[in-house]
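Chemist: Have a look at this prediction, sequence included:
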Amino acid sequence: NAGVMQNPRHLVRRRGQEARLRCSPMKGHSHVYWYRQLPEEGLKFMVYLQKENIIDESGMPKERFSAEFPKEGPSILRIQQVVRGDSAAYFCASSPPGQGTYEQYFGPGTRLTVT
Amino acid sequence: QKEVEQDPGPLSVPEGAIVSLNCTYSNSAFQYFMWYRQYSRKGPELLMYTYSSGNKEDGRFTAQVDKSSKYISLFIRDSQPSDSATYLCAMRSGGYNKLIFGAGTRLAVHP
């Protein structure tokens, strides 16, 4: 059974470029969450999506960040015009539909470095 | 004040010791409590999940929740060097799926 998959695992971008992070949930899971982890800090919630719907984006910065989870394909976290402060590990988690939504399983993360 | 407080450590113990990891929280609406283990440069791995107050045991791990004190604990018995990792507590309210994490406690178990 494949777990949550994220790619790329490492991403280097220059200031002002765009970063695209992809997440494929576990088989059978239809809920996706994105978290950000800054050095020496815990994980901070960013956004919660179901297929074709953003359910909760209360943790997303107001500008430059967007997320989607299309009907087909992986979830995408997009960061436009990256700045050095965006350097962090970005983790995706997924959970199954229905009553089991409290168990979130995490992927290996994408480590973004902005130079 | 942070919603979830967790001592970052580091905590260093000899192999075989009993380890106690703790978190306090301020939001009385939290009902679901989790412990994740995170090895260096890896994703968090779900260890324990508890609903409301009480104890839950799984092998060498025991999770406790005391909602009256807003305090949760993870105990590791017979600790092993392979337990060396960062342990993150996480919690959520009943109607919301987003997890609120503590900063994590770094644990080192030395032979």
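Modeler: That came in fine, so what should we check first? Being a predicted model, the structure only gives us computed values, none of them experimental. Numbering: from 1, shown residues only, chains lettered A, B, ... in the order given.

Chemist: Please name the bridge partners of the residue nearest the centre of chain A.
Modeler: By C-alpha atoms, centre = their mean, the mean C-alpha position of chain A lies nearest to residue A:34, the distance being 3.5 Å. With DSSP bridges as the criterion, residue A:34 is bridged to residue A:47, residue A:92.

Chemist: Pull the contacting residues for it.
Modeler: A:23, A:46-47, A:67, A:75, A:77, A:90-93 (C-beta atoms under 8 Å, 6 or more residues apart in numbering or on different chains). Heads up, the C-betas are built off the backbone N, CA and C, glycines and all.

Chemist: rerun that using 6 Å as the cut-off
Modeler: A:46-47, A:77, A:92 (C-beta atoms under 6 Å, 6 or more residues apart in numbering or on different chains).

Chemist: what residues does chain A put near chain B?
Modeler: A:41-43, A:45, A:48, A:91, A:101-102, A:106-109 (C-beta under 6 Å from any C-beta of the partner chain).

Chemist: Turn these into CSV, including neighbour count, pLDDT and secondary structure.
Modeler: Shown next, in CSV, are these (neighbours: other C-beta atoms under 10 Å in any protein chain shown; pLDDT from 0 to 100; DSSP: H, G, I helix; E, B strand; the rest coil):
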residue, neighbour count, pLDDT, secondary structure
A:41, 13, 78, coil
A:42, 24, 83, coil
A:43, 29, 94, strand
A:45, 23, 96, strand
A:48, 26, 94, strand
A:91, 25, 98, strand
A:101, 18, 52, helix
A:102, 16, 65, helix
A:106, 22, 96, strand
A:107, 25, 97, coil
A:108, 17, 96, coil
A:109, 26, 97, coil
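
Chemist: Report the two of the residues you listed separated the most.
Modeler: A:41 and A:101 (25.1 Å; C-beta to C-beta).

Chemist: Quick check: residues of chain B near chain A?
Modeler: So far as C-beta under 6 Å from any C-beta goes, chain B lies against chain A at B:32, B:43-44, B:88, B:97-98, B:101-104.

Chemist: Let's see which of the residues you listed end up in strands.
Modeler: Among these, DSSP state E puts B:32, B:88, B:101 in strands.

Chemist: could the residues you listed go into CSV alongside distance to residue B:13, pLDDT and neighbour count?
Modeler: Formatted as CSV, these follow (distance: C-beta to C-beta, whole Å; pLDDT from 0 to 100; neighbours: other C-beta atoms under 10 Å in any protein chain shown):
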residue, distance to residue B:13, pLDDT, neighbour count
B:32, 28, 92, 20
B:88, 18, 96, 26
B:101, 23, 96, 23
